[in-house]
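> Kindly generate the corresponding structure for this input.
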Amino acid sequence: MQSKNNKLKVLNRLKVLRAEKEITQEELAEKVGVTRVTINCIERGVYLPTLELGLALARFFQKPVEEIFIVEEPHEKSHVETA
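Predicted coordinates:
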């Protein structure tokens, strides 16, 4: 189990993937059954989606969950394009 000081950070590529598909937050939200605010909060790292929503996003983008959400160890520097 992780201590508070060693908390994992979860980054995401949602904004980049959405831009590649040329869709708005509203359009993505509609496709996966959430609000635009939820998509916005996920993209900004304010909200970590449920497993169900994470899988729905992976299915929509036809990518493994690990290509959308990246777990970063506290001591690692990010090399993930999150835009």
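> mind listing what the residue nearest to the spatial centre of the chain touches?
By Cα atoms, centre = their mean, the chain has its centre lying nearest to N12, at 3.7 Å. Residues near N12 by Cβ atoms under 8 Å, 6 or more residues apart in numbering: 42-43, 45, 68-70, 82. (Glycine included, C-beta is placed from N, CA and C.)
> Quick one: distance of the longest helix along the chain to the chain centre.
Taking DSSP state H as the criterion, the chain has its longest helix at helix 51-61. Centroid separation for helix 51-61 versus its chain: 9 Å, with Cα atoms, centre = their mean, to the nearest Å.
> which of the residues in it are buried?
Buried residues in helix 51-61, counted by 16 or more other Cβ atoms under 10 Å: 53-54, 56-58, 60-61.
> Closest one of those residues to L8?
G54 (14.7 Å; Cβ to Cβ).
> on that earlier part again, export the buried residues of helix 51-61 to CSV and tack on pLDDT and distance to A19?
Converted to CSV, the buried residues of helix 51-61 look like this (pLDDT from 0 to 100; distance: Cβ to Cβ, whole Å):
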residue, pLDDT, distance to A19
L53, 98, 20
G54, 97, 19
A56, 98, 19
L57, 98, 14
A58, 98, 17
F60, 98, 14
F61, 98, 12
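> Number of residues surrounding T38?
When neighbours are defined as other Cβ atoms under 10 Å, T38 has 18 of them.
> all numbers from here: first residue = 4
Okay, residue one is now 4; in that scheme the one you just asked about reads as T41.
> what's the helix or strand hosting it in contact with?
For T41, the element it lies in under DSSP states H and E is helix 39-46. With contacts defined as Cβ under 8 Å, 6+ apart, helix 39-46 is touched by 15, 17-18, 21, 27-29, 31-32, 50-52, 56.
> need the strands for the protein, in chain order.
For the chain, the strands defined by DSSP state E cover 12-15, 72-75.
> helices and strands around the last one, which ones?
If contacts are counted by 3 or more Cβ pairs under 8 Å, 6 or more residues apart in numbering; DSSP states H and E, strand 72-75 sits against strand 12-15.
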